[in-house]
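K.L.:
quick one, fold the following:
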Amino acid sequence: MVKDLLRTLKALAGKRRELSLIDMGKRDPDYEEAMSRVVELRDQYEGMDLSPENRETIDSMLDGLDTLEEAQVDLAYLAGLADCLLILDRLELFQL
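P.N.:
Numbers count the residues shown, from 1 in each chain. As a prediction, this is how the structure comes out:
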């Protein structure tokens, strides 16, 4: 049941999280700098003379890291929402 609830919450919060992150990312110089670095590294990677096997291994690793990062962001967003609800509950502005 907990897995189903988590899956449902992630689906419901997904679009809102995505829009919020895009909006906040536009205003954060650290994010902009990190994104520029990733673009530089991607360009370097694409220019490398790698064997097909090495390229496939690296691509698989990068896909795995992307999947992990997305899961972490989803969980962090849900944790933030839960924290907000707990704060509102403690302030007696919302009852759980």
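K.L.:
and the helices in this structure, which stretches?
P.N.:
Along the chain, the stretches classed as helices by DSSP state H are 2-25, 29-47, 52-90.
K.L.:
now these in JSON lines, with mean pLDDT, distance to Leu96 and mean neighbour count?
P.N.:
(C-beta placed from N, C-alpha, C; glycine too.) Shown next, in JSON lines, are these (pLDDT from 0 to 100; distance: least, CB to CB, whole Å; neighbours: other CB atoms under 10 Å):
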{"stretch": "helix 2-25", "mean pLDDT": "80", "distance to Leu96": "15", "mean neighbour count": "11"}
{"stretch": "helix 29-47", "mean pLDDT": "94", "distance to Leu96": "33", "mean neighbour count": "10"}
{"stretch": "helix 52-90", "mean pLDDT": "92", "distance to Leu96": "5", "mean neighbour count": "12"}
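K.L.:
ok, now how distant is Ser20 from Val73?
P.N.:
11 Å (CB to CB, to the nearest Å).
K.L.:
again, but for Arg16
P.N.:
12 Å.
K.L.:
who touches both of those two?
P.N.:
Listed as contacting both Arg16 and Val73 by CB atoms under 8 Å, 6 or more residues apart in numbering is no residue at all.
K.L.:
for Glu40, see how far away Asp30 is.
P.N.:
16 Å.
K.L.:
now do Val2
P.N.:
Counting by CB to CB, the gap from Val2 to Glu40 is 41 Å.
K.L.:
swap in Gly80?
P.N.:
Distance of Gly80 to Glu40, given as CB to CB: 30 Å.
K.L.:
now Arg16
P.N.:
For Arg16 relative to Glu40 (CB to CB), the value is 31 Å.
K.L.:
and for Pro29?
P.N.:
16 Å.
K.L.:
ok, now Glu56?
P.N.:
On the measure of CB to CB, Glu56 and Glu40 end up 23 Å apart.
K.L.:
ok, now Asp49?
P.N.:
Taking CB to CB, one finds Asp49 at 18 Å from Glu40.
K.L.:
next: Glu69.
P.N.:
For Glu69, the distance to Glu40 equals 18 Å [CB to CB].
K.L.:
equivalent analysis for Glu92, please.
P.N.:
In this structure, Glu92 and Glu40 are 50 Å apart, going by CB to CB.
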